[in-house]
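Colleague: structure of the sequence below:
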Amino acid sequence: MPPVVLLAPAAARDLDLLPSDCRDQVLAEVMACAANPAQARAQVKHLRGFKPPLLRLRSGDYRVLFRDIGEELHVYRIIDRKDLERTLKRFR
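Modeller: Numbers count the residues shown, from 1 in each chain. Down below sits the predicted model:
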């Protein structure tokens, strides 16, 4: 069964704002993470202080904030790395 990746409306807007080459790279890495999470763990970090756990995927200069819920990957935001701390404050 192919991986299920669900984009939140904010993540879809973030994705539309990315340059096309970065968008392709981010999408490829998200799909690779969904298809084989064990192999992508080098780029994934569990963020402390969030219940349920929030994960961060590094993709070039961009960070993908998501949760792995069973067979689904819920993507909440795709942001520039310099805006990560500011965005995480809104999640708490």
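Colleague: how are the helices of the protein distributed by residue range?
Modeller: Remark: helices assigned in the chain by DSSP state H are 9-17, 20-35, 37-40, 84-91.
Colleague: buried sites along the helix-or-strand element of the chain with minimal mean pLDDT?
Modeller: Across the helices and strands of the chain, the lowest-confidence element by mean pLDDT, DSSP states H and E is helix 37-40, at a mean of 80. Buried positions in helix 37-40, judged by neighbour count with 16 or more other CB atoms under 10 Å: residue 40. Every C-beta, even on glycine, is put in place using the N, C-alpha and C of the backbone.
Colleague: start at 4, not 1
Modeller: With the count now opening at 4, the last piece we talked about shows up as helix 40-43.
Colleague: which strands and helices lie in contact with it?
Modeller: Under the contact criterion of 3 or more CB pairs under 8 Å, 6 or more residues apart in numbering; DSSP states H and E, helix 40-43 touches helix 23-38.
Colleague: how about low-confidence regions in the chain?
Modeller: In the predicted model, the chain carries pLDDT under 70 at residues 4-5.
Colleague: find the residue at the geometric middle of it.
Modeller: residue 67 (2.6 Å; CA atoms, centre = their mean).
Colleague: how about it, nearest residue that isn't a chain neighbour?
Modeller: Leaving aside its sequence neighbours, residue 67 sits nearest to residue 60 (CB to CB, 6 or more residues apart in numbering; 4.1 Å).
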